[in-house]
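Colleague: All I have is the shape, not the residue letters:
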């Protein structure tokens, strides 16, 4: 875990809190060129006893200067700004001074695309700007707390690879479906894994990514543009076919029916995890039994533990991401501790591990 200690006189006096409480506060740099939006975000953060705004920036250039000056634990980043925009600022910060970055963006299609490009450049996660400010506040504060505990890594420009073709040489394999559960740090982990899977992969990949409404279709389209395998947002009655990766739509739990098609059902308002990894994996275990593979990737919480257990008890294979390559070693850790994981795998080794099964 990475923590930065700074002088909180930037935002408060020592008479406001005891020294131990001050040192525990999460320092946030808020970057947005809109005074109104910036004010709303700052107000949300400053309303909490365990965090506070240590600086505000109105452009990418300003963000980079402030990042070095105030030494924040977490940065909230707008995308569209004058001069250096949020994408370039994210890239430079993650290259020169890695710091957990949360993109705060609208759910408009073009903004979702830019947000996911920022994830590719090293941003950790995103927060949707929605009309329900209480809902936005809950999401923002939760993700700031998670981000403050993340092990960040320096962004390295990837080498350009040759376009992939149909190169899969399948052996006789017992597996028909790969069920993947992921949360915080998911988009980058999914890109890292799916981009190395060929388009003629002989099984269906089903993915549940904890995500806010408005982003799941953009995530699927972004991954599809970066990968050889076909990636799409799942729809009701979609057939599970080889060479297809399906992303559960935000706002719906995804189940596999006995006819090997997708069944979507609404998520209860009080559900803790949205969508549910457990429900998806349990349905895969029920329909496919020993023909299913369950994989738990980076994320916070215990969603997926019951699903992994169901797949393992049905005779399937189970994998979990290792600690060193996880942005948040929460879900994988609990899955491993359950005793139902067959193998722990580093993210960079996951594609070859999957391919070796076929």
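Modeller: Done, it's in. Everything numeric here is computed off the predicted structure, so don't read it as measured data. Residues are numbered from 1 along each chain as shown.

Colleague: Show me which positions of stretch 286-302 end up buried.
Modeller: Neighbour counts over stretch 286-302 (16 or more other Cβ atoms under 10 Å) mark 286-288, 291-302 as buried. For glycine as for every other residue, the C-beta is placed from the backbone atoms N, C-alpha and C.

Colleague: just those residues now: which is nearest residue 94?
Modeller: If you rank the buried residues of stretch 286-302 by distance to residue 94 using Cβ to Cβ, residue 298 comes first, at 16.9 Å.

Colleague: In the buried residues of stretch 286-302, find the pair that's most separated.
Modeller: Maximum distance among the buried residues of stretch 286-302 (Cβ to Cβ): 29.8 Å, for 291 and 300.

Colleague: rewinding a little: take the buried residues of stretch 286-302 and keep only those in strands.
Modeller: 292, 293, 294, 295, 296 (DSSP state E).

Colleague: low-confidence ranges in the stretch 151-300 of the chain?
Modeller: 153-171 (pLDDT under 70).

Colleague: repeat that with 50
Modeller: 160-165 (pLDDT under 50).

Colleague: thinking residue 304 is in contact with residue 335, fair?
Modeller: Yes - at 5.9 Å, residue 304 counts as touching residue 335 under the criterion of Cβ atoms under 8 Å.

Colleague: what's the burial count for residue 135?
Modeller: Residue 135: 13 surrounding residues under other Cβ atoms under 10 Å.

Colleague: about what we covered before: and for residue 304 and residue 335, which residues touch both?
Modeller: Jointly contacting residue 304 and residue 335 under the rule Cβ atoms under 8 Å, 6 or more residues apart in numbering are residue 296.

Colleague: List of residues touching the top helix by length along the chain?
Modeller: Taking DSSP state H as the criterion, the chain has its longest helix at helix 133-147. Identification of contacts with helix 133-147 by Cβ under 8 Å, 6+ apart yields 26, 28, 40-41, 44-45, 48, 50-51, 73-74, 76, 100-102, 104, 124-125, 127-130, 184, 212, 300, 328.

Colleague: Mind checking which of these are in helices?
Modeller: Applying DSSP H to these, the entries found in helices are 40, 41, 44, 45.

Colleague: Export those to a markdown table and append columns for distance to residue 224.
Modeller: Below are the ones in helices among the contacts of helix 133-147 laid out as a markdown table (distance: Cβ to Cβ, whole Å):
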| residue | distance to residue 224 |
| --- | --- |
| 40 | 33 |
| 41 | 31 |
| 44 | 34 |
| 45 | 35 |
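
Colleague: Looking at these, which is nearest residue 257?
Modeller: Closest to residue 257, out of all of the ones in helices among the contacts of helix 133-147 and judged by Cβ to Cβ, is residue 44, at 40.9 Å.

Colleague: Could you check the pLDDT of the closest one?
Modeller: pLDDT, residue 44: 98.

Colleague: count of residues packed around it?
Modeller: Count around residue 44 with other Cβ under 10 Å applied: 22.

Colleague: Tell me, how many residues neighbour the residue nearest to residue 54 when sequence neighbours are not counted?
Modeller: Nearest non-adjacent residue to residue 54, counting by Cβ to Cβ, 6 or more residues apart in numbering: residue 27, 3.9 Å away. The number of residues packed near residue 27 is 25, by other Cβ under 10 Å.

Colleague: and the gap between residue 27 and residue 151?
Modeller: 18 Å (Cβ to Cβ, to the nearest Å).

Colleague: Could you check the one helix or strand residue 118 maps to and say which residues are buried?
Modeller: For residue 118, the host element (DSSP states H and E) is helix 109-120. Residues 111, 112, 113, 114, 115, 116, 117, 118, 119, 120 are the ones in helix 109-120 that count as buried (16+ other Cβ under 10 Å).

Colleague: Ok, stretch 185-204 next?
Modeller: Neighbour-count burial for stretch 185-204 flags 185-198, 201, 203-204 (criterion: 16+ other Cβ under 10 Å).

Colleague: Tell me the bridge partners for residue 299.
Modeller: As for beta bridges, residue 299 partners with residue 329 under DSSP bridges.

Colleague: contacting residues for it?
Modeller: 181, 182, 183, 184, 185, 186, 210, 328, 330, 331, 332.

Colleague: possible to save these as TSV with distance to residue 56?
Modeller: Formatted as TSV, those follow (distance: Cβ to Cβ, whole Å):
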residue	distance to residue 56
181	36
182	32
183	29
184	25
185	26
186	29
210	29
328	27
330	30
331	33
332	36
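
Colleague: quick one on the thing from earlier: I'd like the buried residues of helix 109-120 laid out as JSON lines, including distance to residue 282 and pLDDT.
Modeller: Shown next, in JSON lines, are the buried residues of helix 109-120 (distance: Cβ to Cβ, whole Å; pLDDT from 0 to 100):
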{"residue": "111", "distance to residue 282": "34", "pLDDT": "84"}
{"residue": "112", "distance to residue 282": "29", "pLDDT": "88"}
{"residue": "113", "distance to residue 282": "33", "pLDDT": "88"}
{"residue": "114", "distance to residue 282": "35", "pLDDT": "92"}
{"residue": "115", "distance to residue 282": "31", "pLDDT": "92"}
{"residue": "116", "distance to residue 282": "29", "pLDDT": "92"}
{"residue": "117", "distance to residue 282": "34", "pLDDT": "93"}
{"residue": "118", "distance to residue 282": "34", "pLDDT": "94"}
{"residue": "119", "distance to residue 282": "29", "pLDDT": "93"}
{"residue": "120", "distance to residue 282": "32", "pLDDT": "91"}
